[in-house]
Each structure stands twice: as C-alpha cells, then as structure tokens.
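J.: Here is my input, please return the structure:
(one chain, ligands or ions: 1)
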Amino acid sequence: MPQVHCSDGIHFDHLRVERDGVVVIPNLSLQLTERRIGLIGHNGSGKSSLVRVVNGLLPSTTGHVEVFGENPSQGPRHMASTVGFIFQNPDHQVIFPTVIEELAFGLRNQGLSRRDAEQHGLDLLARYGRADWAYRPVHALSDGQKQLLCIFAVLLLEPKLLILDEPFSALDLPTRYQLLDLLHSLPQQILMISHELDTLNDFDRVIWLEQGQLKGDGTPQEILPEYVAHARAQRAEWAVVTA
Ligand SMILES: Nc1ncnc2c1ncn2[C@@H]1O[C@H](COP(=O)(O)OP(=O)(O)OP(=O)(O)O)[C@@H](O)[C@H]1O
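T.: Sure, this is the predicted structure:
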C-alpha cells in the first residue's frame with residue numbers, strides 16, 4: 001500500500017466552477033493535506049461538484065487544481081491511479097456480474113493478466129475476511145456489501161486519495177461502524193462527503209461549504225456543533241415563514 005505524503009494532498013487556487021452557466025463555486029483557495037477530511041454543507045452547496053473537480057469528472061472554469069502533483073483537468077482517466085472515487089450509489093459503479101470480475105477489472109485495465117488480476121482480488125477478499133464473496137453474483141449482495149465491494153475494487157488500484165460521496169446512506173449501523181473502521185485503518189488520504197455528522201467525529205478536519213464558499217474550516221469539534229446550530233436557526237426561520 002502507498003504511504004501518504006501529506007505535503008502532497010489537494011490544492012485549490014482560486015478555483016471557479018460553473019455548471020450550465022451557473023456559478024457553483026465562485027472562488028475557492030484551499031490546501032487539503034490532512035489524512036481524514038470531511039466535507040459538509042446543505043443540499044446544493046457544491047460538495048459533489050468540488051470532489052468531481054478533484055477526480056477530473058468536472059472541469060474547473062478558471063483557477064488551478066493540483067492533486068498529489070497531478071492536474072485533474074487532464075480528465076478522469078489521467079486521475080484514475082491517483083484518486084479512487086466511491087459513489088453514493090454502488091449500482092452506479094458496479095458493472096460486472098460477479099465479485100471477482102468486478103475486482104479484476106481495474107487491474108486488467110492497468111495491464112495485468114486476467115489470472116494475476118483475479119489473484120490480487122482473491123488476496124484482498126481474504127485479507128478482509130470476505131473470501132467467500134469471490135464467485136457470488138453482485139446482484140445477490142446487499143447494498144452495504146456492494147458498497148464494500150466498490151471500496152475493495154478501488155483499493156486494489158492503490159490510489160493516493162480516496163473520495164467517498166455519502167457512502168453511509170444505505171448502510172445499517174453495524175455496517176457503518178465496519179466501514180468507518182476500515183476507512184480509519186487505510187493509509188490513503190480520505191476526503192468524504194457526509195450528511196451523517198457523527199461519522200466525521202474522528203476526522204482531522206472538516207470543511208463546511210455554503211454556496212460554493214468556505215463557511216467553516218476546522219476540527220470536527222469546532223465545526224460540527226456550529227453547523228448543527230446553523231441548521232437549527234434555519235429551521236426556526238422556516239417555521240416562522242410556514243406558520
Ligand atoms: N449536472 C448538473 N448540471 C448543472 N448544474 C448542476 C448539476 N449538478 C448540480 N448542479 C448544481 O450545482 C450546484 C451544486 O450542486 P452539488 O451537487 O455540487 O451540491 P451538493 O452540495 O453535493 O448537494 P447534495 O448535498 O444535495 O448532494 C447546485 O446549485 C446544483 O443545482
């Protein structure tokens with residue numbers, strides 16, 4: 001597994017992003033070098049847009065972005081060995097009928113033979129106590145198991161950075177704890193969007209976005225209570241409007 005050199009990380013310099021002509025991120029400069037970083041904000045605040053810039057899925061309009069020395073404007077293929085991306089819905093990620101085929105796919109794309117790629121997949125499943133999954137049809141896995149499979153598939157490629165976009169929404173409590181333990185055990189830098197605020201308690205840093213701008217930036221203990229208080233205040237305002 002690669003070691004994270006935290007002097008690398010993610011660097012945004014005057015990033016501006018427009019989608020369909022609408023400004024989503026007006027001007028963001030930020031250095032993200034901690035190992036565990038949470039990204040929070042209300043719906044539509046720009047979280048998904050920001051992480052899609054990091055893995056090259058969405059181009060920046062102006063400004064400069066550097067991710068472990070790579071320039072994401074060269075596109076997602078260029079970023080694939082640096083950034084592993086785990087979508088909210090595993091059904092958007094999984095493409096093969098069996099677990100082992102899904103695991104082998106990325107490695108085969110990197111040039112490994114089918115046999116070697118599958119062997120790496122089998123080794124990884126064994127390492128995480130899931131050897132019995134290898135020849136199961138993916139459709140027979142639960143949503144939580146599919147989410148883990150997506151993470152395993154990405155880990156096999158040994159990216160330097162893992163991005164997770166709300167990975168907990170389909171998970172029950174025990175699976176959520178398992179996934180959190182797994183994430184904390186990994187050497188990679190992690191950038192995770194989550195509306196489940198308690199999952200960020202042990203993170204190093206939390207970034208709070210509002211309308212594509214930095215509303216808060218600090219430790220979970222500093223930012224999460226502020227965020228909750230802000231949401232409660234908005235709820236009170238909303239109650240007045242709807243009364
Ligand atoms: N495919 C798209 N095309 C055009 N505009 C989009 C697209 N996706 C999102 N947007 C707009 O970009 C802005 C930021 O959306 P984004 O999905 O980045 O927010 P988010 O913080 O991830 O929201 P959520 O928590 O609801 O997932 C919103 O105003 C949204 O309407």
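J.: Pull the contacting residues for the residue lying closest to Q145 once chain neighbours are set aside.
T.: Residue nearest to Q145 in three dimensions, not counting chain neighbours: W133, with 7.5 Å by CB to CB, 6 or more residues apart in numbering. No exception for glycine: its C-beta is placed from N, CA and C like everyone else's. Going by CB atoms under 8 Å, 6 or more residues apart in numbering, W133 touches 99, 125, 141, 145, 149.
J.: just those now: which is nearest T175?
T.: Distance to T175 across the contacts of W133 (CB to CB) is lowest for Q145, with 8.1 Å.
J.: per-residue confidence at that closest one?
T.: Listed pLDDT for Q145 reads 88.
J.: same check, this time on V17
T.: At V17, pLDDT is 96.
J.: Same question for C6.
T.: pLDDT at C6 comes out at 41.
J.: for the ligand, what are the nearby residues on the protein?
T.: For the chain, the contact set with the ligand under CB under 6 Å from any ligand atom comprises 19-20, 24, 41, 43-49.
J.: from the contacts of W133, which ones fall inside helices?
T.: Counting by DSSP state H, the part of the contacts of W133 found in helices is 99, 125, 145, 149.
J.: The last one contacts I100, doesn't it?
T.: No: shown here, L149 and I100 do not form a contact pair, counting by CB atoms under 8 Å, at 10.3 Å.
J.: out of the two, which sits in the busier spot?
T.: Of the pair L149 and I100, L149 is the one with more neighbours under other CB atoms under 10 Å, namely 22 against 18.
J.: Make JSON lines from the residues of the chain next to the ligand and add neighbour count and secondary structure to it.
T.: Listed next are the residues of the chain next to the ligand as JSON lines, based on neighbours: other CB atoms under 10 Å; DSSP: H, G, I helix; E, B strand; the rest coil:
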{"residue": "R19", "neighbour count": "13", "secondary structure": "strand"}
{"residue": "D20", "neighbour count": "5", "secondary structure": "coil"}
{"residue": "V24", "neighbour count": "20", "secondary structure": "strand"}
{"residue": "G41", "neighbour count": "22", "secondary structure": "coil"}
{"residue": "N43", "neighbour count": "7", "secondary structure": "coil"}
{"residue": "G44", "neighbour count": "13", "secondary structure": "coil"}
{"residue": "S45", "neighbour count": "20", "secondary structure": "coil"}
{"residue": "G46", "neighbour count": "23", "secondary structure": "coil"}
{"residue": "K47", "neighbour count": "23", "secondary structure": "helix"}
{"residue": "S48", "neighbour count": "19", "secondary structure": "helix"}
{"residue": "S49", "neighbour count": "18", "secondary structure": "helix"}
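J.: Pick the one among those closest to V65.
T.: Out of the residues of the chain next to the ligand, the member with the shortest distance to V65 (by CB to CB) is S49, at 12.3 Å.
J.: Distance-wise, check the closest one relative to N201.
T.: Computed as CB to CB, to the nearest Å, the S49 to N201 distance reads 25 Å.
J.: got it, and H42?
T.: H42 is 20 Å from N201, by CB to CB.
J.: quick one: which of the two has more around it?
T.: Ranked by neighbour count (other CB under 10 Å), H42 and N201 place H42 first, with 17 against 13.
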